[in-house]
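Engineer: Following is a predicted model, sequence given first.
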Amino acid sequence: MMYILEKKKLNKILSTWAQEHEVFVPQKVEEYSQFLPYTEDSELALKSPHNTRYPPKALFLPQSEVMLKFNNRTQKYEEVNTTPKSRLVFGVRPCDAKAFRLLDTVFDAEDYADPYWKAKRDATILIGIGCEVPPSTCFCTTVGGGPFNQDGLDAILTELEGSYLVQILTEKAETLFASLSPATIEQEKQVEAIQTKAHDSMSPAFETDGLKQKLDQIFESSYWDKISESCLGCGICTFLCPTCFCFDIVDEVQRKERVRNWDTCMFRIYSQEASGHNPRPTRRERTRQRLMHKYSYWLDHIDEIGCTGCGRCVRYCPVGLDIRAMLRTANTHESEAVHA
Ligand code: SF4
Ligand code: SF4
């Protein structure tokens, strides 16, 4: 089913949903943007910047999350309530929705389900918005996605003049838009053309056929020295990445809480072992881990690339390191003698 949501009615529909759900929308926060709870004063950032700088993975895997509290009186740990109220996230880009689905294979796998992640995922409806003019830093089509990819979404919007066409994708979203007028055949055709044009405007950023094999082959080569030379080890590329999920669990003794915090394999100390040995002592090994994880190890685990081409690491790396260029270089790197 397809409906027409007039832009002037957007705030009204968000307010209606907010009576039953905790609604999150992309909002401008000083110079950046992130998903925050909707209020009538919210300044929606649906267009600019394109997708939020701060990734919506934080809605399910918060940057810092209390897992347990210690009760001084009983001298016991107490569980925290992990089941949120029903939630609705509006304005998710297809690359980020795909990232949730990829992260489900980590946090909601057959043999292990993380209750903190799962409770939030189960309670959330995802309404996406496609990208009619994909920015030059995005490369979703190269990695199996697309600017109107429906993977992981319950409904997706396409922007028209003065309105959005809403495509319902799952039962979860069916009743949300039922009060709106259905789209006309002409509007449906217009949307099809917009979606095809957006998809076709994106040229392949690098060759993915044989890339995993190539990366495996050059694991010990000088390629990694070359591409990691200017990396500062700041971790921005991984903190902002929607599919990166490294974390650390610490007991905050003063607060009497056990907390899970985002961490990153781009930090030296992340891999440091208790003996003092570090299997990733330099940025060479850490950069290798970042790329190998996304373009080789994910393929070993689930036969999918672990990067959705969202472009954040390209846009926000302070020294302009571009994963697309790194992978193009990998493809052309001559295999050589094993690194000493
Ligand atoms: S954002 Fe750039 S400089 Fe910072 S760790 Fe990532 S690749 Fe290195
Ligand atoms: S590696 Fe870069 S482009 Fe790929 S999903 Fe992560 S931040 Fe986005």
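Structural biologist: That came in fine, so what should we check first? Ligands and ions are numbered 1, 2, ... in the order given.
Engineer: buried set for the top helix by length along the chain?
Structural biologist: Identified as the longest helix of the chain according to DSSP state H is helix 185-200. For helix 185-200, the neighbour count (16 or more other Cβ atoms under 10 Å) marks 187, 190, 191, 194, 195, 198, 199 as buried. For glycine as for every other residue, the C-beta is placed from the backbone atoms N, C-alpha and C.
Engineer: again, but for stretch 153-162
Structural biologist: 153, 154, 155, 156, 157, 158, 159, 160.
Engineer: So which residues on the chain come close to ligand 1?
Structural biologist: 231, 232, 233, 234, 235, 236, 237, 266, 317, 318, 319, 321 (Cβ under 6 Å from any ligand atom).
Engineer: May I have the residues that are in contact with the nearest residue to the fourth one once chain neighbours are set aside?
Structural biologist: Read it as residue 234. Counting by Cβ to Cβ, 6 or more residues apart in numbering, residue 318 is the residue found nearest to residue 234 once chain neighbours are left out, at 6.3 Å. Residues in contact with residue 318, defined by Cβ atoms under 8 Å, 6 or more residues apart in numbering, are 232, 234, 236.
Engineer: ditto for residue 60
Structural biologist: Residue 60 makes contact with 100, 103, 107, 117, 120, 121, 124, according to Cβ under 8 Å, 6+ apart.
Engineer: How much space separates residue 94 from residue 312?
Structural biologist: 14 Å (Cβ to Cβ, to the nearest Å).
Engineer: Contacts for stretch 20-29, please.
Structural biologist: Contacts of stretch 20-29 (Cβ under 8 Å, 6+ apart): 14, 17, 33-38, 42-46, 51-52, 56, 59, 84-91, 125.
Engineer: Okay, buried residues for the host helix or strand of residue 119 please.
Structural biologist: Assigned by DSSP states H and E, residue 119 belongs to helix 115-122. By neighbour count with 16+ other Cβ under 10 Å, helix 115-122 contains the buried residues 116, 117, 118, 119, 120, 121.
Engineer: what's the answer for stretch 245-262, then?
Structural biologist: For stretch 245-262, using 16+ other Cβ under 10 Å, the buried residues are 245, 246, 257, 258, 259, 260, 262.
Engineer: If the third one is in a bridge, with which residues?
Structural biologist: The residues paired with residue 257 through beta bridges, assigned by DSSP bridges, are residue 69, residue 252.
Engineer: In this structure it contacts residue 65, no?
Structural biologist: No. Counting by Cβ atoms under 8 Å, residue 257 stays clear of residue 65, with 9.9 Å between them.
Engineer: pLDDT score assigned to residue 87?
Structural biologist: Residue 87 carries a pLDDT value of 97.
Engineer: and what of the one 5 residues further on?
Structural biologist: At residue 92, the predicted lDDT confidence score is 97.
Engineer: Contacts only, for the closest residue in space to it that isn't next to it in sequence.
Structural biologist: In this structure, residue 92 finds its nearest non-sequential neighbour in residue 128, 4.8 Å apart by Cβ to Cβ, 6+ apart. By Cβ under 8 Å, 6+ apart, the contact set of residue 128 is 91, 92, 93, 94, 97, 150, 153, 155, 156, 157.
Engineer: change it to 7 Å
Structural biologist: Going by Cβ atoms under 7 Å, 6 or more residues apart in numbering, residue 128 touches 92, 93, 94, 97, 153, 155, 156, 157.
Engineer: Kindly export the strand or helix carrying residue 125 (C-alpha atoms) in PDB.
Structural biologist: Counting by DSSP H and E, the element that carries residue 125 is strand 124-129. Extracted in PDB, the C-alpha atoms of strand 124-129 (Å, rounded to 0.1, in the frame of the first residue of the first chain):
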ATOM      1  CA  THR A 124      11.000  -0.200  17.600                       C
ATOM      2  CA  ILE A 125       9.300   0.600  14.300                       C
ATOM      3  CA  LEU A 126      11.600   2.000  11.600                       C
ATOM      4  CA  ILE A 127      10.300   4.600   9.100                       C
ATOM      5  CA  GLY A 128      13.000   5.300   6.500                       C
ATOM      6  CA  ILE A 129      13.500   8.100   4.000                       C
END
